[in-house]
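1. sequence and predicted structure are below.
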Amino acid sequence: MEAERERSDFRIGSLIVEPDQNSISDGKERRRLEPKVMEVLCALAGRPGEVISRQELIDQVWGVEHGADESLTRAVSLLRSVLNAGDDRHSVIETIPKRGYRLAAQISDVEREEAAPDPEDVALPSEPTAPFVREPWRRDAEISPVRYFSALVVLAAIMLFTGVWIGRSSSSAVVVPEKSIAVLPFENLSGNAEQDYFSRGLSEEIRSLLTQLDDLKVAGRAPPSVSAAEGLDASALGRKLRVSHVLTGSIRSDNDRIKVSAELIDTDSGYQVWSHSYDRLLSAQSLFDLQKDIATDVAGALSISLHVQEPNRILGSDTDSLEAYNYFLSAREADIFGMGDRSELIALLGKALELDPDYGAARVTLASNIGAQAWGASTPAEAQAYLAQGRAMAEEAVRLNPDLAQAYTALANFRALDNDWLAAGKDNRAALERSPNLRVLHEQTIFLMRAGRVEEALSIAQRGQTADPLNPDRAATLAMAYAVLGRHEAAGAALEHYWSLQTPPGEWDAYAWTIEMQAPQTMDSLSALCERLMQTDPSLRPLLAPILAALPDEPAAREAVRAEFERGAGTHPNRFEILASIAAQLDDPELALRIWRHELDGTRLRLMRVWGPVYSDMRRLPGFAALMADLQLPSYWREYGWPDRCRPVGAQGFECF
């Protein structure tokens with residue numbers, strides 16, 4: 001019954017619930033629900049009158065997703081606002097203290113109601129009837145064959161005339177809904193018949209997503225013969241399919257890449273409304289991801305051009321400019337898949353904002369990328385300048401679009417880097433309330449790792465890797481989470497995957513050094529790592545050569561690390577982290593802490609590293625607790641949860657290990 005409930009429409013009182021459409025209707029007005037909110041309602045409706053625990057609902061709807069507890073609270077609140085017409089907000093969905101929720105309403109199947117006979121149509125028991133009385137006008141004689149035939153001829157003539165008239169009228173006045181679309185089969189230009197399944201799947205994925213847009217009429221599956229290649233122009237296609245827009249495109253595979261072009265055409269004018277091209281690595285998973293990406297992008301373009309839904313349901317659609325939207329999509333491609341350097345995507349986002357200065361999604365993406373330049377800054381002052389600029393843009397993005405989840409997560413990370421952890425925690429909650437999508441969760445992974453809640457961050461990173469396996473950022477973050485938790489073999493595998501996703505494939509670098517240095521090293525392996533890092537990045541030779549020369553004499557090597565730190569350690573962005581990790585490997589936690597304090601006084605970007613196993617002795621020093629207090633982290637921990645490596649002691653104290 002529960003499985004059936006999830007598939008079929010049902011009624012709650014006077015309301016009709018359509019799970020496949022994510023909607024609730026009272027016959028006059030239709031309300032759209034978010035998919036997760038609808039899943040909560042279906043779970044409750046599947047067992048009406050029973051108490052279902054919060055944990056069971058979370059497991060069924062969200063699984064291990066971070067923020068699920070807050071999301072369930074929000075979902076129940078939204079359902080109550082839709083289901084309850086009166087002032088009693090808890091009359092339909094009851095909260096049972098310490099147990100869960102119960103749906104206290106009558107549930108019925110719409111299909112069974114429709115199948116039931118109308119009471120007026122049900123035959124009643126027969127009663128005696130009056131004797132038949134012939135009406136005065138009825139003739140006893142039957143109609144003659146001649147008159148019968150003449151009547152048929154006249155009737156046939158009338159039917160022929162009216163039929164032709166109706167046919168001509170309907171053919172010359174086809175009613176085309178203003179907001180309607182047909183998705184044509186994408187043309188396979190690969191010369192490989194095996195790619196036909198991708199073309200068909202792409203069309204179906206797009207159709208499925210478009211049916212969820214408010215007020216948009218989506219034509220049924222177009223037959224393969226109906227396509228632009230058939231020779232019909234856009235206007236003829238529109239008349240034939242009775243739609244105002246058609247989506248068409250092509251796919252082509254080239255070695256290890258697949259290229260797709262999509263085009264949205266106005267069938268009335270014949271003009272191209274929107275187009276975009278995609279170039280991705282070719283793999284089984286990438287094809288499915290690409291289908292979803294194109295479907296989402298097309299839905300965003302339609303929401304802008306036809307105003308068929310509220311913005312923010314699709315990231316990037318909070319603009320009225322399709323040209324700005326295209327710049328945003330191009331920048332996102334470069335950002336996610338490494339198809340260009342940061343300066344290129346910053347330029348693309350700048351063009352989008354030139355066209356629409358109030359474009360919230362473009363502004364917050366630009367804010368994140370400007371702030372990310374701080375990672376490569378050679379001085380703390382340069383890093384702080386990038387971060388200040390990024391924070392100002394994130395604050396502006398929240399002001400421009402207060403419903404944009406990603407704006408809040410970006411602002412949360414900027415606030416944390418300014419030691420404003422409590423405000424950052426509130427921003428993260430605001431983001432989850434709006435949309436716990438993969439981008440939001442990725443940003444929260446970084447935030448949680450800096451706050452020391454690495455186990456929680458790892459569960460989110462694993463989910464992100466599963467859902468988005470070809471994203472280099474996901475793989476890199478997952479590798480760091482494993483390393484900080486001491487799971488060195490898993491960290492190495494994630495790092496290998498990260499390199500394989502680069503174009504061209506990447507290789508061992510300073511990031512790999514950071515991950516490997518979380519594992520215990522011998523004097524020989526430490527020397528080998530220093531030598532390898534110098535070969536990979538020759539600019540680090542002045543920093544590392546004196547230390548390498550002192551190894552394997554530990555006291556001499558520690559003194560060399562101290563001397564390089566006090567000398568200023570050059571201008572390499574990672575110089576202090578490199579020195580701190582060497583000091584920790586040389587069993588000098590006091591020196592490691594001194595170096596980290598200097599680094600974190602300048603910028604908190606690399607704060608997540610201090611939670612790794614190589615710094616366990618450093619975290620036990622009283623100075624480490626003092627450093628965390630200076631960063632204002634304890635107040636955040638008391639409000640949102642303690643990190644993996646610290647615990648409260650007494651009313652206000654804490655200790656780390």
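-> That came through fine. Numbering: from 1, shown residues only.

2. hmm, residue 467 and residue 438 touching each other?
-> Yes: the pair residue 438 and residue 467 qualifies as a contact (Cβ atoms under 8 Å) at a distance of 5.7 Å. Every C-beta, even on glycine, is put in place using the N, C-alpha and C of the backbone.

3. helix or strand: which one has the nearest residue to residue 192 once chain neighbours are set aside?
-> Of all residues not flanking residue 192 in the chain, residue 253 sits nearest, at 6.3 Å (Cβ to Cβ, 6 or more residues apart in numbering). Applying DSSP states H and E as the criterion places residue 253 in strand 245-254.

4. in that strand, what's buried?
-> Residues of strand 245-254 classed as buried by neighbour count (16 or more other Cβ atoms under 10 Å): 245, 246, 247, 248, 249, 250, 251, 252, 253.

5. also stretch 255-272?
-> For stretch 255-272, by 16+ other Cβ under 10 Å, it's 258, 259, 260, 261, 262, 263, 264, 265, 266, 267.

6. equivalent analysis for stretch 359-372, please.
-> Those would be 359-372, for stretch 359-372 by 16+ other Cβ under 10 Å.

7. redo these as CSV? Include distance to residue 72.
-> Below are the buried residues of stretch 359-372 laid out as CSV (distance: Cβ to Cβ, whole Å):
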residue, distance to residue 72
359, 32
360, 27
361, 27
362, 32
363, 31
364, 26
365, 29
366, 33
367, 30
368, 28
369, 33
370, 35
371, 32
372, 33
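
8. and the contacts of the helix or strand that contains residue 465?
-> Per DSSP H and E, residue 465 falls inside helix 454-467. Defining contact as Cβ atoms under 8 Å, 6 or more residues apart in numbering, one finds that helix 454-467 is touched by 63-66, 438, 441-442, 444-446, 448-449, 471, 474-475, 477-478, 481-482, 484-485, 494, 608, 611, 641, 643-644.

9. okay, now the domains of this protein?
-> 2-112, 175-309, 447-656 (automatic domain parsing).

10. right, and those domains - which one's nearest residue 394?
-> Residue 394 sits nearest to domain 447-656 of all the domains of the chain, at 13.1 Å, using Cβ to Cβ.

11. ok now the closest one, how far from the chain's centre?
-> 29 Å (Cα atoms, centre = their mean, to the nearest Å).

12. stretch 178-196 too?
-> Relative to the chain's own centre, stretch 178-196 is displaced by 25 Å; criterion: Cα atoms, centre = their mean.

13. CA atoms only for that stretch, dumped as PDB, please.
-> This file holds the C-alpha atoms of stretch 178-196, laid out as PDB (Å, rounded to 0.1, in the frame of the first residue of the first chain):
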ATOM      1  CA  GLU A 178       2.000  30.300 -25.500                       C
ATOM      2  CA  LYS A 179       4.100  28.400 -23.000                       C
ATOM      3  CA  SER A 180       4.600  25.000 -24.600                       C
ATOM      4  CA  ILE A 181       7.500  22.900 -25.900                       C
ATOM      5  CA  ALA A 182       8.400  19.800 -27.800                       C
ATOM      6  CA  VAL A 183      11.700  18.000 -27.300                       C
ATOM      7  CA  LEU A 184      12.900  16.500 -30.500                       C
ATOM      8  CA  PRO A 185      15.300  13.500 -30.700                       C
ATOM      9  CA  PHE A 186      18.900  14.800 -30.600                       C
ATOM     10  CA  GLU A 187      20.700  13.900 -33.800                       C
ATOM     11  CA  ASN A 188      23.600  11.500 -33.400                       C
ATOM     12  CA  LEU A 189      26.500  12.800 -35.500                       C
ATOM     13  CA  SER A 190      29.100  10.300 -34.000                       C
ATOM     14  CA  GLY A 191      28.700   7.700 -36.700                       C
ATOM     15  CA  ASN A 192      28.300   5.300 -33.800                       C
ATOM     16  CA  ALA A 193      25.000   3.600 -33.500                       C
ATOM     17  CA  GLU A 194      25.700   2.800 -29.800                       C
ATOM     18  CA  GLN A 195      25.300   6.500 -29.000                       C
ATOM     19  CA  ASP A 196      21.700   6.400 -30.100                       C
END
